[in-house]
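# show me the folded form of this:
(2 chains)
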Amino acid sequence: MLFEIFKFELKYRAQRPETYIYFTILFLFSILSVDFLFEGGELGPLKRNAPYIIARTMGIVSALFMILTSMIMGVPVLRDFQYQMESLLFVNPIKKRDYLLGRFLGSFVVLVFIYTGLLFGMVLGDFMPWHEENSLLPFSFWHYLQPFLYLILPTLFFGGAIFFVSGALSRKLIVVYTQGFFFLMVYLMAISLAIGADDLFLTALLEPFTFQSVRISTKLWTVLERGVQLVPFEGVLLYNRLMWTGIGLVALVIGYYGFNFNVVRDKSSKLKKKAFQDENVSTHVNSKNPVIKVQTGFKADLVQLIHYSIFNFKSIVKEVPFWTIVLCGMGIVLLNSFNLGTTFGVNSYPTTYILVGELMELTILFFLSIIIFYSGELIWKERDTRINGIHDALPVSDFINLGGKFVGLILICFVLMLMLIVAGMLFQTVNGYYHYQLDVYFTGFFIEIFPFLFLLTIVCFFFQSLVNHKFLGHLLVLIFVFATAVPLRVFGLDHGLYTFGGSSLGVYSDMNGYGHFFEPFLWFKGYWIAFSMILFVIAVVFLARGAETSLRTRWNLGRRRMTRPLIRFSIIAAGIFVCSGSYIFFNTNLLNEYYTQSAENDHRADYEKKLKRFEHLPQPKIVDVNLEVELYPDKLNYIVDGYYILANKHHLPIDEIHIQKLPNSQIKLAYLDFEGGAKSNNEYEHFSYYIYELNESLKPGDSVKMEFKQTYKTQGFTEYSTTDVVYNGTFLDNFHFPSLGYLEDIELEEDEIRAEYGLKPKLRRAHIDDPIALLQGRSNGDGEEINFEMVIGTDSSQTAVAPGELISAWIAGDRKYFHYRMEQPMSNFYSIVSARYEKIKDQWTPASDHLPVDLEIYYHKGHEYNLARMIKGMKRSLAYYSEHFSPYQYRQMRILESPIYKNRAQSFPNTVPFSEGVGFILAIDDEVDVDMAFYVTAHEMAHQWWGHQVNPAHVQGQSMLSESLAQYSALMVLQKEFTEDKVQQLLQQQMRSYLKGRSRERGQEMPLALVESGQDYIHYGKGLINLYAFQDYISEDSVNNALNRFIRDWDSFHGLKKMKTDRYPITSDLLNYFREVTPDSLQYVIEDLFETITLYENKTTDAFYEKISINQYQVSLTLEALKYRVDSAGTQVPISSNDWIDVGIYGLANSGEEELIYLEKHKITGQQIQLDIVVNQKPVRAGIDPLGKLIDKTIKNNSMLLSEKKDKS
Amino acid sequence: MNSLIISNLSKTYSNGVKALNNVSLEIPSGMFGLLGPNGAGKSTLMRTIATLQEADGGKVSFGNLDALVQKDEVRKILGYLPQEFGVYPKISAEVLLNHLAVLKGITSRKERKEVVEALLHKTNLYEARKKNLGGYSGGMKQRFGIAQALLSNPKLIIVDEPTAGLDPAERNRFYNLLSELGENTIVILSTHIVEDVKELCTNMAIINRGEVLLNGNPQKAIEQIEGKVYSKTIRKSELQSYKKEYTILADRLFQGQPIIHILSESAPGNGFKQVAPDLEDVYFSEIFGGNSGREASN
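Below you'll find the predicted structure:
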């Protein structure tokens, strides 16, 4: 019998067109899935058919197409009830087991068949002719089949089982679909567990679709491994699959016992019916119908629309599944809203804009689901309840019919958004934050997000109406959402006029609000909303009404629905569409310049091909900068005029000077003149590159004055607005102004794109021996040391700041002027900042006879939280660095809050623009957090030494000399001020970021001393860890001693060695000072820490202790120490170890917490070591490098709990 | 008052079933019965008039309305009770009736309240008006259906098989309701139950396989076969041989024995007794009898 039922199910499905439609959709989608899901640079260095990519793609697709699973698996039992077959069926002598199992297995086989579309689609996708040969690995079917069997089949099984059981038990389709939200919820919960967590095991275990689990379980793989290795079906991935398969089995068991093999199961409802029937015995009242008037016209239409909207709104609100979804969403918000974590591992204050962002991010999937799901439900509402016979014959227009459903759903979104706002405010209140910004809430939800929901709803209605098949409609919407988000961008077409929905609003800044982003945003949304109105009219035309469903008949009928008002409506919509589109085009493409990505690439490639030959042309250096800057923040304009003095520091005369204006159509050079005159050659004007032939050549040692005036003008708008000049919080740097010679920054970056233009891969940093690059510091060869003077005019409500001393400030009309001058030469690196600031002042007095230093913080009103921490950071840093490295060179130190657009802090001479998102709104809890406001301040302060005293050469290792040394310096200051715990906390956080960073490396991981650009994980993460380890080996004083000598010799302005050479210092210079202070026995660590990539896999394999006398315990440890080097090919090679490594033993402190009672460096030779150590306190845990000072992928196993050794018996 | 004129209406479904074949009818005010067996094309015809289905050819006009084109105009004067319909189960009769009233264009709140109340009384649902429709019995639901059809004082009422599945008491109640509909209204009632037409209709048509077999006044139709119907109680085993010999209109069982009615121009003898024909005989004579009298004069 089981087999009969199984066969019946298969036969039935084989005849259903859906089976093949679903297969085809999945198949076609899978062909392109990798291109969709890993667009642009997402693939990175991986081949598109790398096993890792295949596994993740399959996981994601299986999640997206969960709806297919529900369509197939939810209905087999339900079907019998829906078609009222149950009475006929259940009277037959079928066993419950046979019935359920047969139906389940039959449907499951069909489901697997449909999903082979994924398997074969992906295989075929990789054979598509447009892929380049070298973007693929050699074909192996196993690479596809393995994840399909191990990852996808279990997903199908548990998904299918849950859908099947929920369908069988509830006998309601809607319950089946709500199960989809269960998976979504579990997924989101798993993801939310990952936020801010160190250990991702739980996330990887729970995540139902495994594409995150795959990522987590291969987290520490190198790129090389990820490129070729199969994702192993072991560890957490195996547990995950076993757990979910188990859940599927449990569901089936529950389903078996819960399923009632009777026709009627709800007795109470039957009783109710009975009770009802008796009421209608009385005779009817013979009454005449009251006189009524049927209203038509606009007013009646409006009443109908409002009524019908509310009716539909209420019908959703009344549904249990709706509330289930809402509760799930709220649950997610509750679970998550505590994650306000920043990159520093410290929470921010729950400011409104952060909460809006968080809330939206957490709930957007729920909004999408509700919209997609309920648009289908609403469109099919009448047909599903079979009231359509009555409803369709009502004299209500199709426009109002669809409009009422639409508005009803929109009202739902409104209510949900209001609920989220309330939730946000509650959360703020609970956290003691009372600065509710209702306007920000409103803007965030109703202006930023709402238009998207609106457009999506219309798209859903459009598809539902057009295809007239609920599930197909859902599916098409999903595909549409993906398709519009991705492929156009893949082809470099990214203009908001043809990417559905246009761009997003852009970042909110407390300082600048939404700034000037509003205008383009509203235009684009207006444009797309007009477009969606046209879609809506099409939906009205094709909406099925009555018994006719074929597309052609619906079209014939629909044409008649184009009544005059509807035609008028369409014409208006089309008119707005065309007009707003034209206006946008006028602004973005005529008033401003718009380049598609490919046009921009062409331009960059062309620049390199034509002008690269000028790269090493001798050019003079800027030695003097004297500028007057007029900022007009309300108009987003500036005018700068003034002069540079250029000096010829070469041995040959210079005849032509090459000027590069920033290639930005908003920037114009009004004039540029050289003292003594020059002829300008505008041959390369399209590159904003001008060659001036000097009338008199510039002799070696001579200098020339270059006067210029540059304007920056904002006209109209662009889609993605620039954020340099804004209403409040302008932040410019010297790279905005004319520079000398070929500008390498314009070159294309990515190897793949460069290859398309026949360009060789670009060096990420010049080789450490590159003789020309050695002569350059951070300023691209424009001259490194300058005298600086600047007058900035700005709006009278703002304060403008540049490096130097404020000589004077005055008001002229409605403008304020500030005159800055640096007393001594400084780096050619300056900022111009202007905003409405509050200010606090302080002073730091050095121990020696130096003059006091004025400290200032310019901040945005309301951001007072961490000012004291920053001031303390400034003072402690100045004290430590002056004592150990060299005296502070300036008389002032300022921190300036800058808008969130550049979300970092940056150190200019005596001036640090510090983003509002970085330190100002951190809610630092000294119990648990590292004081990152203090630390980041100390880091930026350190750059006044490592950057502005020592200017490292523009070659490999440059950022070790600036960033790693700043990290080290800041850590030393932190160590003095805070407890050891905080230091460990910071180190561990940096260890994670290093390990994560190296696993994402697209190019080659470099040793610290040769770190290249874009390798933050090395110069910040590894730099901090290894310099900390280094001072742990040779002592803090020795390191500082070396650094002191390094500055003494290499200070840009009076360094002993620097004064004798034109070149700038490199890491090997620093390492020489390190070697000087390192004992012979430890010289090897310099090679390990700085010159090579060295990793350890330290492990304690056995640990026990024995009490040998009253206060003496002997700890016996078996340790394993593996040491690796990573070679230039990225391969990890074991090397023999002969190292000094920490061995630590923990006891219990009085507080009950573990406490180190023993920590000594032992010479570890060979891989297996036995150690016996006697301690005088009861030990609990012990191991090798227990603090994780050395780089080790798994620090957890470094130590283990001790067990007591029993007497040998 | 206008009558509804159907001329040469045809409809073939995509599966090849010819549901309407050149149907022409003139339906005057009053109750009009559309009689025919299951699958005769009644519902197709009703749906077509009710603007819910397209015809392949032909015309339906009501006064100067072209009912196949000016659908919205027709819907404004239409009350339609489909053969099968569902209701929102979690909504009360009052709320749903009110809802439908708005959509019918009764936008004045006061008028709506009055008409809803009146109809609830009329259909005897007033007591149960606050109850959810999900708990209604078949008869109550059917009465609710007629209530909604009457909402906007329609000039054209179409009720498709309204009595199917109702018990005799409910059916009676339903008849009473229908019979009260104003004389100036066209009420088209489709049914396969001869009784319905006999009790209610002043005019009728019999259709089968998409064709009109008879159109006219039921009484006149009965008169046409007056004196031609004979009856006899026979044994079951004899049924086949009688079927060969006579045009059998009906074979009914009475206490387990078949009573057959036959149509005969002259007295057949053989134990047959002349009986007064009823509408059922007319019906069966049309469906099975191949009776030549297609058009009964009014």
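# could you use CA atoms for every contact and neighbour count after this?
Fine.
# low-confidence ranges, the stretch 251-400 of chain A, go.
Scanning the stretch 251-400 of chain A for pLDDT under 70 picks out the ranges A:262-289, A:335-344.
# contact partners of stretch B:165-172?
Stretch B:165-172 is contacted from outside by B:138-139, B:163, using C-alpha atoms under 8 Å, 6 or more residues apart in numbering or on different chains.
# change it to 10 Å
With C-alpha atoms under 10 Å, 6 or more residues apart in numbering or on different chains as the test, stretch B:165-172 has contacts from A:280-281, B:137-140, B:142-143, B:162-164, B:174-178, B:196, B:199.
# pull out the buried residues from these.
A:280, B:137-140, B:142-143, B:162-164, B:174-175, B:177-178, B:196 (16 or more other C-alpha atoms under 10 Å in any protein chain shown).
# what's the closest non-adjacent residue to the residue in chain B that chain A sits nearest to?
Nearest residue of chain B to chain A, counting by C-alpha to the nearest C-alpha: B:L52, 4.0 Å away. Distance criterion C-alpha to C-alpha, 6 or more residues apart in numbering or on different chains; nearest residue to B:L52, sequence neighbours excluded, is A:G546 at 4.0 Å.
# can I assume the one you found is in contact with A:N388?
Yes: at 7.5 Å, A:G546 and A:N388 qualify as touching, with contact defined as C-alpha atoms under 10 Å.
# mutual contacts of the two, please.
With C-alpha under 10 Å, 6+ apart as the test, A:G546 and A:N388 both reach B:L52.
# what number of residues lie near the residue of the stretch 1051-1200 of chain A found nearest chain B?
Residue nearest to chain B within the stretch 1051-1200 of chain A: A:K1196 (57.9 Å; C-alpha to the nearest C-alpha). Using other C-alpha atoms under 10 Å in any protein chain shown, A:K1196 is surrounded by 14 other residues.
# then A:I1110?
Around A:I1110 there are 9 other residues, counting by other C-alpha under 10 Å.
# now do the phi/psi pair for it.
Main-chain dihedrals, A:I1110, degrees, to the nearest 10: phi -50, psi -50.
# pLDDT value on residue 234, please?
No chain was given, so I picked chain A. pLDDT for A:E234: 83.
# I was thinking of chain B, sorry if that wasn't clear
On the pLDDT scale, B:I234 gets 85.
# over to the one 3 residues further on?
pLDDT for B:S237: 82.
# enumerate every residue touching the residue of the stretch 801-950 of chain A found nearest chain B.
Ranking the residues of the stretch 801-950 of chain A by distance to chain B (C-alpha to the nearest C-alpha) places A:A923 first, at 49.7 Å. Neighbour list for A:A923: A:340-341, A:346-350, A:865-866, A:929, A:931-933 [criterion: C-alpha under 10 Å, 6+ apart].
# B:E195 reaches B:L279, doesn't it?
Yes: contact status for B:E195 versus B:L279: in contact at 8.0 Å, counting by C-alpha under 10 Å.
# neighbour count: these two, which is higher?
Counted by other C-alpha under 10 Å, B:E195 and B:L279 do not tie: B:L279 has more neighbours, with 19 against 12.
# which SSE is A:F414 in?
For A:F414, the element it lies in under DSSP states H and E is helix A:398-430.
# give the buried residues for that helix.
Neighbour-count burial for helix A:398-430, counted by 16+ other C-alpha under 10 Å, picks out A:398-413, A:417-418, A:420-421, A:423-425, A:427-428.
# repeat for stretch A:306-320
In stretch A:306-320, counting by 16+ other C-alpha under 10 Å, buried: A:306-313, A:315-316.
# for B:F174, which non-adjacent residue is spatially closest?
B:R143 (7.1 Å).
# parallel or antiparallel, list what pairs with the worst-scoring helix or strand of chain B on mean pLDDT.
Lowest on mean pLDDT, DSSP states H and E among the helices and strands of chain B sits strand B:247-254, with a mean of 77. For strand B:247-254, the paired strands and their directions (DSSP bridges) are strand B:257-263 (antiparallel).
# residues in contact with the strand it pairs with?
Strand B:257-263 is touched from outside by B:225-239, B:242-243, B:246-253, B:268, B:272-275, B:277, B:281-282, B:284-285, B:289, B:291, with contacts defined as C-alpha under 10 Å, 6+ apart.
# list the buried residues of the longest helix seen in chain B.
Longest helix in chain B, counting residues (DSSP state H): helix B:109-122. Using 16+ other C-alpha under 10 Å as the test for burial, helix B:109-122 gives B:111-112, B:115-122.
# same deal with stretch A:438-454?
Residues of stretch A:438-454 classed as buried: A:440-441, A:443-454 (neighbour count, 16+ other C-alpha under 10 Å).
# low-confidence ranges, chain B, go.
For chain B (pLDDT under 70), the answer is B:1, B:182, B:289-298.
# mind doing that once more with 50?
Across chain B, the ranges flagged by pLDDT under 50 are B:291-298.
# how about the strands in it?
B:4-12, B:18-27, B:30-35, B:57-62, B:65-66, B:78-81, B:156-160, B:186-191, B:203-208, B:211-216, B:229-233, B:247-254, B:257-263, B:273-274 (DSSP state E).
# I figured A:Y239 hits A:P208, correct?
No: if you go by C-alpha under 10 Å, A:Y239 and A:P208 don't touch, sitting 11.5 Å apart.
# which one of the two is surrounded by more residues?
Neighbours were counted for A:Y239 and for A:P208 using other C-alpha under 10 Å; A:P208 has more, 26 against 15.
# ok, that one to chain B distance?
Noted for A:P208: a distance of 35 Å to chain B, by C-alpha to the nearest C-alpha, to the nearest Å.
# also A:E784?
Distance, A:E784 to chain B, using C-alpha to the nearest C-alpha: 78 Å.
# next one: that residue from A:L46, what distance?
With the distance defined as C-alpha to C-alpha, to the nearest Å, A:E784 ends up 40 Å from A:L46.
# for stretch B:234-247, which outside residues touch it?
The contact list for stretch B:234-247 (C-alpha under 10 Å, 6+ apart) reads B:248-249, B:251, B:253, B:256-264, B:268, B:271-272, B:285, B:288-291.
# neighbours of residue 185, how many?
Since you didn't name a chain, this refers to chain A. Applying other C-alpha under 10 Å, we find 20 residues neighbouring A:M185.
# actually chain B
Neighbour number of B:T185 under other C-alpha under 10 Å is 19.
# now swap in A:R16 and tell me
For A:R16, the neighbour count with other C-alpha under 10 Å is 11.
# that one and A:Y1105, how far apart?
Distance from A:R16 to A:Y1105, counting by C-alpha to C-alpha: 71 Å.
# what of A:L1071?
42 Å.
# check A:M960 too.
Distance of A:M960 to A:Y1105, computed by C-alpha to C-alpha: 43 Å.
# of these two, who's got more company?
Remark: of A:M960 and A:Y1105, A:M960 carries more neighbours, 29 against 24, as counted by other C-alpha under 10 Å.
# could you confirm that one falls within a helix?
Yes: when DSSP: H, G, I helix; E, B strand; the rest coil is applied, A:M960 is found to be in a helix.
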